[in-house]
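1. sequence and predicted model, in that order:
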Amino acid sequence: MLKKRIIPKLLLRNGRNVKGVKFTELRDTGSPVTNARIYDAQGADELIFLDIEASGANRKILYDTITKTASEVFMPFCVGGGIRTVDDVRQLLLAGADKISVNTQAVERPDLVSEGAALFGVQCMVVSIDFKRHGPACKVYTHGGTVATELDVLDHAQQSVARGAGEILLTSIDRDGTMQGYDLEITKRVADAVDVPVIASGGAGTLQHLCDVIADAHASAVAVGSLFHFTDQSPIKARAFMHVRGIDVRSERTGTTAI
Amino acid sequence: MSNRVAIIDYGVGNLHSARNALELAGAEVVVTSRAEEIVKADRLVLPGVGAFGECAKNLRASGVTEAIEEHVLQRGKPIFGICVGFQLLSREGHEMGIHPGLGWLPATVRKLETGGLKIPHVGWNEIEPVVDAVLFDGLRRSPTFYFTHSYALVPDEPGIDAAFCNYGERFTAAILRDNVFATQFHPEKSQENGLKILENFLRWNP
């Protein structure tokens, strides 16, 4: 059977990893290449890198980081942040990324998703959706959570899939970094409505949270930040915990590197 | 023994991982779209990501198909096809229209029939090898590999299947015929198991 995936999510700023709370209060969490090696050794299933600087001037740092990571670890990884054109997509793939995550442009210029899917395949195009709740409504935010749109999260997810998104990375801004658990209700609503995998993101604070969002909210994968960065939990411990609770995760230890 | 591997570069994306993984497995690697490098190589790797038709078109445009076919089909050079590089060995692919493949294998490529499971099939899944081949040496029972695809290669009849995988349906995860080995999954992205299978490929003498 297809395994549920445990995916460390690494935010990049100026070639370093950082992590915050609700997209602010960023703290340095180390070197991305070293972190990638550690997560690889711990048998993480995949990695997500999101460049939150996303300015043109720092693109070279991002490409270098991706290329170094690709030469050290033999696992899939997704890269996002500041991608505006199919040429940006191509450059990141050539630098060593396997998939590309688009967020702001999936709202502002949604054709980028279909163009990328036609050229590089739907498996390559991940649409990242950041959302906040406003009472009963649930709105999509762009520009690293700073700009509110009028888009409803479910509509945007469905439209993105129709355009060629192969996966949805769904992040609750309200929960991000709080370690209080994923937004199960919204995750379930989106996961049940689209026929591509949904990666739940924002709020993981215990290993039970990972089980809950898979078992109760039907996520295909869990993105994890603070829980792995700031506690003594790791992909190894997560797998053991989830396996015992009946979640179908990889049981082999298959990292490439030793630590 | 020299172990020179030519990864065929026909303009389809990320070849870093394949190169680095093969180097780690002990190969001397050249990433190339030149016929003379294909002649010099001991083994070939045909990668591929993206849409079948686009990949088939780019491979043909690269001008190395003849050299590859001469060295694989006539001279018996071992080749490893990966993902769309595996699917391209078929007669034709039915992804956004019908596109001819290389036609080495009696097989076609069609959309996965998952019975409602999510598509693409993305992530780690177990394979079940059905042939006793050096390529699978040293792997545990039901080893997991990384897949990311929406289409599956379907042989006309059994006989070339080397491994299966289950995802809504039981589909061909690897084929083996003479000196041709190919996998739907990505060994270069499959951590320890992937490196093992690449090492096995380097010491495979069909």
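-> All right, it came through fine. Residues are numbered from 1 along each chain as shown, chains lettered A, B, ... in the order given.
2. how about the residues of the stretch 1-150 of chain A that lie near chain B?
-> A:1-5, A:40, A:43, A:45-46, A:67, A:70-71, A:73-76, A:90, A:93-99, A:118-124 (CB under 8 Å from any CB of the partner chain). Glycine gets a C-beta too; all of them are placed from N, C-alpha and C.
3. which residues touch residue 12?
-> All of this is about chain A. Counting by CB atoms under 8 Å, 6 or more residues apart in numbering or on different chains, A:Leu12 touches A:Val18, A:Pro32, A:Phe49, A:Leu50, A:Asp51, A:Ile52, A:Glu53, A:Leu62, A:Thr65, A:Gly81.
4. switch to chain B, please.
-> Counting by CB under 8 Å, 6+ apart, B:Val12 makes contact with B:Pro47, B:Gly48, B:Val49, B:Gly50, B:Glu54, B:Cys55, B:Asn58, B:Val84.
5. helix or strand for the closest residue to B:Asp137 other than its chain neighbours, which one?
-> Nearest residue to B:Asp137, sequence neighbours excluded (CB to CB, 6 or more residues apart in numbering or on different chains): B:Asn200, at 5.3 Å. Counting by DSSP states H and E, the element that carries B:Asn200 is helix B:191-202.
6. distance of the residue in chain B sticking out farthest from the centre from chain A?
-> No residue in chain B has its C-alpha farther from the mean C-alpha position than B:Gly116, which lies at 26.4 Å (CA atoms, centre = their mean). Remark: distance between B:Gly116 and chain A (CB to the nearest CB, to the nearest Å) = 8 Å.
7. next, give phi and psi for that residue.
-> phi 100, psi -10 (degrees, to the nearest 10).
8. isn't it right up against B:Gly168?
-> Yes. The pair B:Gly116 / B:Gly168 is scored as a contact, 7.2 Å apart, by CB atoms under 8 Å.
9. can stretch B:157-174 be said to contact chain A?
-> Yes. Shown here: stretch B:157-174 in contact with chain A (CB under 8 Å from any CB) through B:Asn166, B:Tyr167.
10. what's the span of that stretch, first residue to last?
-> Using CA to CA, to the nearest Å, one end of stretch B:157-174 lies 14 Å from the other.
11. and if you look at stretch B:111-121?
-> 11 Å.
12. so which bits of it are buried?
-> B:Leu112, B:Thr114, B:Leu117, B:Lys118, B:Ile119, B:Pro120, B:His121 (16 or more other CB atoms under 10 Å in any protein chain shown).
13. stretch B:121-138 now?
-> Across stretch B:121-138, burial judged by 16+ other CB under 10 Å covers B:His121, B:Val122, B:Gly123, B:Trp124, B:Asn125, B:Glu126, B:Ile127, B:Pro129, B:Val130, B:Ala133, B:Leu135, B:Phe136.
14. show the pLDDT at the last one.
-> Think B:Phe136. With respect to pLDDT, B:Phe136 scores 97.
15. contacting residues around the residue nearest to B:Asp137?
-> B:Val134, B:Leu135, B:Phe136, B:Asp137, B:Gly138 are the contacts of B:Asn200 under CB under 8 Å, 6+ apart.
16. quick one, phi/psi of the closest residue to the third one other than its chain neighbours?
-> Spelled out, that is B:Phe136. Closest residue to B:Phe136 apart from its sequence neighbours, by CB to CB, 6+ apart: B:Pro129 at 4.5 Å. Per-residue torsions, B:Pro129: phi -60, psi 140 (degrees, to the nearest 10).
17. dump the residue contacts of B:Pro129.
-> B:Phe136, B:Leu139, B:Ala162, B:Ala163, B:Ala174.
18. now swap in B:Leu102 and tell me
-> By CB under 8 Å, 6+ apart, B:Leu102 lies in contact with B:Ala56, B:Leu59, B:Thr65, B:Glu69, B:Leu88, B:Leu89, B:Ser90.
19. report the buried members of these.
-> Burial by neighbour count, 16+ other CB under 10 Å: within the contacts of B:Leu102 this picks out B:Ala56, B:Leu59, B:Thr65, B:Leu88, B:Leu89, B:Ser90.
20. and the pLDDT for residue 37?
-> Let's take chain A. At A:Arg37, the pLDDT value in this model is 94.
21. actually it's chain B I care about, not the one you picked
-> With respect to pLDDT, B:Glu37 has a value of 96.
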